[in-house]
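My questions are about this predicted structure, shown below with the sequence.
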Amino acid sequence: MIFAFGSFVYLSAVLQRTSLGIAGVSATERFGGSAAVLSSLAVVQLIVYAAAQIPVGVLIDKFGPRALMLAGTVLMVVGQLTLAFAPSITVAVLGRMLVGAGDATIFISVIRLITSWFSGRIVPQLSQWFGNIGQLGQVLSAVPLAWVLHDFGWTPAFLAATLVAFVAFVVVVVAIRDRPAGAADNVRPPTWGGALTQLRHSFSRPGTQLGFWSHFVTQSSGTVFTLLWGFPFMVYGLGYVTTMAAAMLTIPVAAGMICGPILGVLTARHPLRRSNIVLAIVTAMGAAWALLLLWPSAPPFWLVVVLLVVLGGGGPGSLIGFDFARTFNPQRSLGSANGVVNVGGFLASFVMMFLIGVLLDLQDGWRVAQGGASDLYSLDSFRIAFSVQFVVIGLGVLMLVGTRRRTRRLLSRDEGIEVAPLWVELSRKLRRRARGE
């Protein structure tokens, strides 16, 4: 029941987070402004979200996840109410900041609940299911919320989202508990100095850093697409009708629900190959993006679907980062470690979101300066703007590989575990199979 209720609260948080993704066109009409101004609505939310992760992790270690979930659901209710009645972009930004602050408390709180209520190999599998259930919030924003927005307008749509956040608050009050009855409480730091010491120790562990970079490279591309730029890209760049574009944002969710349980099993069975799984996911996303952006004309529908399916694997893939945090940190400091990991993907996301908006504006400015007509969201402009992902995620991959090397050295030194390169391990297995062993 705790798992079900916690997953529902996260589903609500994802709904609040992604509610702007289907409202990008409406936001432009309501508030006006350039692509950079529109991206600021999503970027400021993610900046607040990312900046709050480490403080929230420390607070979870000190006060427990339930207290943080209560505060977070209240902030999301207030934030969505503010956005529903926002008369200007300034007030709308304030509302998204509150939503980001509330959203920041939920994910790592529920991850901590799972590790408190469950143990063993089932934990990474439950983490994947939890992530999948939560992503259904994106389906709710892409279909029923988009319908309310289209038929009834801005204010009713965000009031409906507020109602879901309020129900989540009631669920936390009634049903969520930090640990099973009679279970021993983990030692909580008695002072803020002790909490910060735990944070410093968590951050210094190469395993935590490996989780950070794993989250950085897997989660960000899908977040950028589904949270802000995918909808304008499909509507303006590809010419899809708005209802079709909103419905297509459910494809990554469906793909993630299929991919997540498989990744959970692979992670549990092959804990020493988790980084290889991460790199395989990133390689697939990079190949799909390269094919779409280099297509000589408008990319065909099937290719856009392929991209969305591959992006759907990034969300479950990012949960592997939290499995690194779980296995390389003691239970008492998991909040801090999970907070560090969760910064990764959202740091990359808001950097790429903002840069894409800037590049779209720059290209439109150059086009107008040369005497052409303004075409802010042209397909060619999107091709160049989306290419910035290769720079940001490429840097993350380099850092991941370097951190993995340090982590494996520590495993060898402290526990005597030698992790051979994947190709070496595969060749050994093939030789053993050939000998009939």
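Here it is on my side, so go on.

element containing the nearest residue to Gly314 once chain neighbours are set aside?
Leaving aside its chain neighbours, Gly314 sits nearest to Gly222 (4.2 Å; criterion: CB to CB, 6 or more residues apart in numbering). For glycine as for every other residue, the C-beta is placed from the backbone atoms N, C-alpha and C. Assignment of secondary structure by DSSP states H and E places Gly222 within helix 206-224.

Show me which positions of stretch 115-127 end up buried.
By 16 or more other CB atoms under 10 Å, the buried positions in stretch 115-127 come out as 115-117, 123-127.

repeat for stretch 62-70
62, 64-70.

Of those residues, which is the nearest to Met244?
Of all the buried residues of stretch 62-70, Met69 has the smallest distance to Met244: 35.6 Å, by CB to CB.

how close does the closest one sit to Val123?
19 Å (CB to CB, to the nearest Å).

Tell me where the longest helix sits in this structure.
Counting residues, the longest helix found in the chain (DSSP state H) is helix 334-369.

tell me how far it is from the chain's mean position?
The chain centre lies 13 Å from the centre of helix 334-369; the measure is CA atoms, centre = their mean, to the nearest Å.

After that helix, which helix or strand is next?
Following helix 334-369 toward the C-terminus (DSSP H and E): helix 379-386.

That next one - contacts with which helices or strands?
When contacts are defined as 3 or more CB pairs under 8 Å, 6 or more residues apart in numbering; DSSP states H and E, helix 379-386 packs onto helix 274-294, helix 334-369.

In that helix, which residues are buried?
In helix 379-386, counting by 16+ other CB under 10 Å, buried: 379, 381-383, 385-386.

Now do the strands in this protein.
For the chain, strands defined by DSSP state E do not occur.

okay, which residue is most central for it?
With distances taken as CA atoms, centre = their mean, Gln219 lies nearest the centre of the chain, 4.9 Å away.

looking at it, that residue is touching Leu347, isn't it?
No: counting by CB atoms under 8 Å, Gln219 stays clear of Leu347, with 10.1 Å between them.

Spatially, which two of the buried residues of stretch 115-127 are the most separated?
Pairwise over the buried residues of stretch 115-127, using CB to CB, the maximum falls at Ser116 and Gln125, 16.5 Å.

nearest residue to Leu293 other than its sequence neighbours?
In space, Leu293 is closest to Arg383, 5.0 Å off (CB to CB, 6+ apart).

How about Pro144?
Ala160 is the one closest to Pro144 (CB to CB, 6+ apart), at 8.0 Å.

what sits against the nearest residue to Ser333 once chain neighbours are set aside?
Setting aside the residues directly before and after it, Ser333 is nearest to Gln198 in space (CB to CB, 6+ apart), at 4.2 Å. Listed by CB atoms under 8 Å, 6 or more residues apart in numbering, the contact set of Gln198 reads 58, 61, 189, 332-333, 336.

Lowest-confidence one in these?
Minimum pLDDT for these is recorded at Pro189 (65).

Measure how buried Pro296 is and give me the count.
Applying other CB atoms under 10 Å, we find 5 residues neighbouring Pro296.

Model confidence score at it, please.
90.

Verify the contact between Val44 and Arg96 for me.
Yes: taking CB under 8 Å as the definition, Val44 is a contact partner of Arg96 at 5.8 Å.

and the helix holding Gly222, what does it pack onto?
Using 3+ CB pairs under 8 Å, 6+ apart, helix 206-224 sits against helix 274-294, helix 301-312, helix 314-318, helix 320-328, helix 334-369, helix 388-415.

and these, which is most packed in?
helix 314-318 (a mean of 29; mean count of other CB atoms under 10 Å).

now the longest helix of the chain and helix 388-415, what's the angle there?
Angle between the axes of helix 334-369 and helix 388-415 is 160 degrees (criterion: axes from the mean of the first three to the mean of the last three CA atoms, to 10 degrees).

what angle separates helix 334-369 from helix 320-328?
150 degrees.

possible to save the helices and strands packed on helix 206-224 as CSV with distance to Trp213?
Listed next are the helices and strands packed on helix 206-224 as CSV, based on distance: least, CB to CB, whole Å:
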stretch, distance to Trp213
helix 274-294, 9
helix 301-312, 19
helix 314-318, 11
helix 320-328, 8
helix 334-369, 6
helix 388-415, 4
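
of those, which approaches Val171 most closely?
Across the helices and strands packed on helix 206-224, closest to Val171 is helix 334-369 (CB to CB), at 20.8 Å.

Please export the C-alpha coordinates of stretch 9-22 as PDB.
Extracted as PDB, the C-alpha positions of stretch 9-22 are listed here (Å, rounded to 0.1, in the frame of the first residue of the first chain):
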ATOM      1  CA  VAL A   9       1.900  11.000  -5.200                       C
ATOM      2  CA  TYR A  10       4.800  10.900  -7.700                       C
ATOM      3  CA  LEU A  11       2.300  10.500 -10.600                       C
ATOM      4  CA  SER A  12       0.700  13.700  -9.400                       C
ATOM      5  CA  ALA A  13       4.100  15.400  -9.300                       C
ATOM      6  CA  VAL A  14       4.900  14.400 -12.800                       C
ATOM      7  CA  LEU A  15       1.500  15.700 -13.900                       C
ATOM      8  CA  GLN A  16       2.300  19.100 -12.400                       C
ATOM      9  CA  ARG A  17       5.800  19.100 -13.900                       C
ATOM     10  CA  THR A  18       4.700  18.200 -17.400                       C
ATOM     11  CA  SER A  19       1.500  20.300 -17.500                       C
ATOM     12  CA  LEU A  20       3.400  23.100 -19.200                       C
ATOM     13  CA  GLY A  21       4.600  20.800 -22.000                       C
ATOM     14  CA  ILE A  22       1.200  20.700 -23.600                       C
END
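
Let me have the buried residues of stretch 115-127 in JSON lines, extended by pLDDT.
Formatted as JSON lines, the buried residues of stretch 115-127 follow (pLDDT from 0 to 100):
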{"residue": "Thr115", "pLDDT": "85"}
{"residue": "Ser116", "pLDDT": "85"}
{"residue": "Trp117", "pLDDT": "88"}
{"residue": "Val123", "pLDDT": "82"}
{"residue": "Pro124", "pLDDT": "80"}
{"residue": "Gln125", "pLDDT": "82"}
{"residue": "Leu126", "pLDDT": "85"}
{"residue": "Ser127", "pLDDT": "82"}
